[in-house]
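Trainee: test case, fold it:
(2 chains)
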Amino acid sequence: MTLTVLKPGPLTTVQDLGRDGYAALGVPHGGACDPLSLRLANLVAGNDEGAAGLEITLGGLALRFDAKTTFAWAGATMQVTLDGAMLHPAHRYTAGKGAVLRFGFAERGARAYLALAGGIAVPPILGSRSTGLLAGMGGFHGRALRRDDVVECGRAPRQVPGVAVAQPERGEHLRVLPGPDWSLLGHAAQRQLLSTPWQVGLASNRMGMRLTGAQLECDASDSLDSHAVMPGCVQLPPSGEPIVLLADAQTTGGYLRPLVVIRADLWRAGQFKPGDTLRFAEVDSDAALAALAAQRDWLARVSRSLAWEAR
Amino acid sequence: MMEASIPMPSVMSERLPANLPSPVSIQPFGESALMLGVGASLPAQRRLWAAWHALREREPRVEWVLGMGNLTGFFDPLAIPAARIESALEAAWQESAGAEGEAGKRVEIPVVYGGEAGPDLAVVAERTGLRRDEVIARHAGAEYIVYCLGFLPGFAYLGGLDPLLACPRRASPRIAVPAGSVAIGGAQTAVYPLASPGGWQLIGHTDAVLFDPYRETPGLLSPGDRVVFVPVTS
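Mentor: Here you go, the predicted model:
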């Protein structure tokens, strides 16, 4: 089964849940910027949570199904049509041969995920099918999709009736824990970091989100020894404007780390687009663990109820 | 966008304090990571390599990442309690005592210096007040040590550059530095494993492939390796 790209949109890449075990070599974790939406789209399409799908940045993708295909999409709010008929997020659909799927511009959120039954069939590299844009590695020939690309899908799991799931709420808050360098910020900078309504800058991509809105005063801004960083780490470079690292974050950094986005909110971080407002909300580690457990429980419930439907 | 503005690794000249250890700390980095910090020095880094190897064996489900004078473990906090990671880090650090003198494998990297391969060799010569052949002799005459990897896949943080070769970065970075470029930036030297934007001075080029995801061992260099640049003619 294949699909043909008619229009790639600004950035459409093959992504799964990323690479584990190679950060010490300098290989970014990568994978979907909003892994929760990819997991959801996969479950609804009848796949394993971690199957490779398409990450559609800001919309604009149009593709043609070259054979009958079951699929689902989730994530950012976009107008999505199949041969002109409107489609809902997190619903399972089956397209006929020759049908055309179109994603409009992202109205809310930044990234939508398209899961095709059977997953995108590209060879795994270092344990993942995700596209590493910087290294030109993995995914579809190590690059974003272009017009006329023909993308292959794996064999679809057994066909089941259409199902639908409600998508989780996003909002403009990211819950954070104090980072290792929180105490190096003065009291005023700490307050400002947590109270400023930050704007997401244009110079944002899969590596990170640049925030503008205030310039925090800080003395020790460039004096740290290089250390590991990861998606969700909030860095404070000497400019005083924070950066929130996302899925393609480099593996090491040297800037201050005043905050860390909790694991349960990483998917939210992947859904801000330039111009959006973002606020940090401080929580403690018990709350962070409880939120992560609740999120996994929710996914497990979705998975179980879909398996029930599929009997 | 951000590719052009990634900070290159911070200065990493070999600091060799007379007394070890510097204050050792283990601190949380979010709810799913813990960082052991011991201060950057070569003896401390040697112990960190030993601890890193031990931890990768002992806790393979944890992602262990070396920095300069630090070691971070990334774990699933719902599967592994932080306390277990903390004691693993502490134990591995204690057991690494005695590893200060251990040396890693020696890797020779052939380099074509100057010309098209190293368009900034003349700049480095001018800035350092050395002749071009002196720059080459000093750069190729040292043994470098891989402190850790990061920043780009296969990028090695090397210690051991002759201080006389320190040279400021370019005023404006190149949009694309070719893969295999051998460069000096500030008091550091490095090989670009991939084509990427960069502001370092390019003094040569190597055909050695530092990172190949299709190779059984994707990275040419590992933490603790000793690196020697060998001048060759193209």
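
Trainee: what does the pLDDT read for B:Ala40?
Mentor: What the model reports for B:Ala40 is a pLDDT of 87.

Trainee: please disregard the earlier target; I meant B:Glu3.
Mentor: Looking at B:Glu3, the pLDDT reads 36.

Trainee: and the stretch 201-311 of chain A, which residues reach chain B?
Mentor: Proximity of the stretch 201-311 of chain A to chain B (CB under 8 Å from any CB of the partner chain) is limited to residues A:202-205, A:207-208, A:210, A:222, A:224-228, A:230, A:232-233, A:237, A:250-255, A:257, A:260-263, A:285, A:288-289, A:292-293, A:296. Just so you know, the C-beta spots here come from the backbone N, C-alpha and C atoms, and that holds for glycine as well.

Trainee: and those residues, which of them are buried?
Mentor: A:204-205, A:207-208, A:210, A:224-228, A:230, A:232-233, A:237, A:250-255, A:257, A:260-263, A:285, A:288-289, A:292 (16 or more other CB atoms under 10 Å in any protein chain shown).

Trainee: re earlier: and the residues of the stretch 201-311 of chain A next to chain B, which of them are in strands?
Mentor: Among those, the ones falling in strands (DSSP state E) are A:Gly208, A:Arg210, A:His227, A:Ala228, A:Cys233, A:Thr252, A:Gly253, A:Arg257, A:Val260, A:Val261.

Trainee: quick check: the second one vs A:Trp267, distance?
Mentor: What it means is A:Arg210. Remark: distance between A:Arg210 and A:Trp267 (CB to CB, to the nearest Å) = 19 Å.

Trainee: any stretches of chain B with poor pLDDT?
Mentor: B:1-22 (pLDDT under 70).

Trainee: tell me, what residue is most central in it?
Mentor: Central residue of chain B (CA atoms, centre = their mean): B:Tyr157, 1.3 Å from the mean position.

Trainee: so that one makes contact with B:Gly185?
Mentor: No: counting by CB atoms under 8 Å, B:Tyr157 stays clear of B:Gly185, with 11.7 Å between them.

Trainee: now the helices for the chain?
Mentor: Since no chain was named, I'll use chain A. Counting by DSSP state H, chain A has helices at residues A:35-45, A:187-195, A:266-269, A:285-309.

Trainee: wrong chain, I was asking about chain B
Mentor: Under DSSP H, chain B gives helices at B:42-58, B:82-95, B:121-128, B:132-140.

Trainee: can you list the domain ranges for chain A.
Mentor: A:2-152, A:173-289 (automatic domain parsing).

Trainee: any idea which of those domains has the lowest pLDDT on average?
Mentor: Minimum mean pLDDT among the domains of chain A: domain A:173-289, a mean of 93.

Trainee: residue contacts, the nearest residue to B:Asp76 once chain neighbours are set aside?
Mentor: In space, and not counting its chain neighbours, B:Asp76 is closest to B:Ser32: 6.7 Å by CB to CB, 6 or more residues apart in numbering or on different chains. Neighbouring residues of B:Ser32 by CB atoms under 8 Å, 6 or more residues apart in numbering or on different chains: A:Arg263, B:Phe74, B:Phe75, B:Asp76, B:Pro77.

Trainee: and if you look at A:Val5?
Mentor: By CB under 8 Å, 6+ apart, the neighbours of A:Val5 are A:Thr12, A:Leu61, A:Ala62, A:Leu63, A:Leu145, A:Arg146, A:Arg147, A:Asp148, A:Asp149, A:Val150, A:Val151.

Trainee: most neighbours among those residues, which one?
Mentor: A:Thr12 (29 neighbours; other CB atoms under 10 Å in any protein chain shown).
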